[in-house]
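Student: Any chance you could fold what I've pasted below:
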Amino acid sequence: MDKVKQNKTFIPLGASNHVLSERSDHDFYATDPKAVRFLIENEKFNNNIWEPATGMGHIANEFIQSGFNVKMTDLFEYDVDGCDTGVDFLQCNEIFDGDIVTNPPYNKSTEFVEHALKLIPEGNKVVMFLKIQFLETTKRYEQIFKINPPKKIYVAVKRFACKKDGDFTKDLGSALCYCWFVWEKGFKGDPIIKWFNYDNNIENSLW
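Tutor: Numbers count the residues shown, from 1 in each chain. The predicted model follows:
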């Protein structure tokens, strides 16, 4: 099989979150603001939000524009005003009185979810933008889902492209399905699964 065709065949199933190209530095891929606006419109949040993988600010900016108090941190520098850089979220131990919302580096996503749940009070939320394959694997089930199941999962019907350059002026689509995983600390039970869609005429519709 041709090497390029072979690579394309395995893109949707492999560990990478993204299309056939060189992977981004630091496993950074920005989140489409449309997906963030949908989340804000359909979930209730604490007034205090922590974005621990701020990147270029695509998630944080939408929350700021919606009137939330947003704490922005990142391990790396992306030249975002108000973002504290050099902060390793996985080494942070102070309890945060608010909700944690981010699109984590996928190679650290399990660790981000586990750690975030330790840093918030009962009843507060951890929300992560992750590909749908995050639901898989025995290890992840034992580490996270068995103990702390998400309360809701919002599945994107139209696939979002996460961009390593942060430019969403061109919608190139994606080979992968992304979801918002919503944990409410202390919740026990079966997740509610909902679908959402957007296009040029109908943005952020919930099904």
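Student: Run through the strands of this structure in chain order.
Tutor: When assigned using DSSP state E, the strands of the chain occupy the ranges 48-51, 69-74, 83-85, 99-102, 125-131, 152-156, 178-184, 192-197, 205-206.
Student: Helices of this structure, start to end?
Tutor: For the chain, applying DSSP state H gives helices covering 3-10, 33-42, 58-65, 109-118, 138-140.
Student: what separates the third one from the chain centre, distance-wise?
Tutor: Using Cα atoms, centre = their mean, to the nearest Å, we find the averaged C-alpha position of helix 58-65 to lie 13 Å away from the chain's own average C-alpha position.
Student: now swap in stretch 60-77 and tell me
Tutor: Distance of stretch 60-77 from the chain centroid (Cα atoms, centre = their mean) equals 14 Å.
Student: Spatially, which residue comes closest to the residue most central in space within the chain, not counting chain neighbours?
Tutor: Centroid-nearest residue in the chain: Phe129, 2.0 Å away (criterion: Cα atoms, centre = their mean). Closest residue to Phe129 apart from its sequence neighbours, by Cβ to Cβ, 6 or more residues apart in numbering: Asn103 at 4.0 Å. In this view, the C-beta of every residue, glycine as well, is placed from N, C-alpha and C.
Student: Look up phi and psi at the one you found.
Tutor: phi -110, psi 100 (degrees, to the nearest 10).
Student: Name all residues that make contact with it.
Tutor: Asn103 makes contact with 29-31, 53, 55, 59, 128-130, 162 under the criterion Cβ atoms under 8 Å, 6 or more residues apart in numbering.
Student: got a winner among those residues for most neighbours?
Tutor: Among those, the one with the most neighbours (other Cβ atoms under 10 Å) is Ile59, at 28 neighbours.
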